[in-house]
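# coords please:
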Amino acid sequence: MNKLQAAIDNSENSCRSGAIQLFNPDHFYYINEPMTKEDLLQRMVGNLVNDHYAPDTFLASIMEREKLGQTNLNNMLAIPHPMSLMALESVIPVAVIPEGIDWGDGHSVKFVFLLSITKQDYENTDYFYDLLLELMDQTEKQEQILNNPSFNHFMAVIENLTVVS
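Model (predicted):
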């Protein structure tokens, strides 16, 4: 039983580590000025393209997906993504917007997690979604990030979320 539990713990730690490694300080944004959703996405995707994480067509695919329906999960969090898995390298840019940004249909969000995942890494994103669901339920954790919107503090909060899969 101990070996089985150790294997389960090792697997969970591996998934957790893989999900957390998708966050990158070069793709972390603290937005403290008025900005449109389109401007934010253009800025985030522009940096992905410049850093060779995504192809030139990435923004057009995201905007096409946004036309099909809003990608906000609630009034706090949005997960924009392209129509297909087209990333060149996996990374999840994060924008923290304490004042919120209009995401359309009367919804304002304060966190944007831009999904830039390769086909090869897609199977390993389950833990990331579990992290997001946990963050959605943790108002106190959201406030901690909003009150100190630095990458290191964001990571400290994310790493301390208790995820139940």
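
# If we ignore the residues flanking it in sequence, what's nearest residue 87?
residue 116 (4.3 Å; Cβ to Cβ, 6 or more residues apart in numbering). (Glycine included, C-beta is placed from N, CA and C.)

# For the one you found, give the beta-bridge partners.
Beta-bridge partners for residue 116, by DSSP bridges, are residue 91.

# Just want the most central residue of the chain.
residue 113 (2.5 Å; Cα atoms, centre = their mean).

# What is the least confident helix or strand in the protein?
Ranking every helix and strand in the chain by mean pLDDT, DSSP states H and E puts helix 2-20 at the bottom, with a mean of 49.

# partners of the helix or strand that comes right after it, with directions?
Next along the chain after helix 2-20, taking DSSP states H and E as the criterion, comes strand 28-30. Strands that pair with strand 28-30, judged by DSSP bridges, come out as strand 94-104 (parallel).

# in the partner strand, what's buried?
Going by neighbour count (16 or more other Cβ atoms under 10 Å), the buried part of strand 94-104 is 94-97, 101, 103.

# need those residues in CSV with distance to residue 29 and pLDDT, can you?
Shown next, in CSV, are the buried residues of strand 94-104 (distance: Cβ to Cβ, whole Å; pLDDT from 0 to 100):
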residue, distance to residue 29, pLDDT
94, 7, 97
95, 4, 98
96, 7, 97
97, 8, 97
101, 11, 96
103, 15, 94
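
# and which of these is nearest to residue 126?
Residue 126 has its nearest neighbour among these in residue 94, at 18.5 Å by Cβ to Cβ.

# Test my guess that the closest one contacts residue 153.
No - using Cβ atoms under 8 Å, residue 94 makes no contact with residue 153, being 11.9 Å away.

# give me every residue that touches the residue nearest to residue 87.
Going by Cβ atoms under 8 Å, 6 or more residues apart in numbering, residue 116 touches 48, 53-54, 58, 81-82, 87, 89-93.
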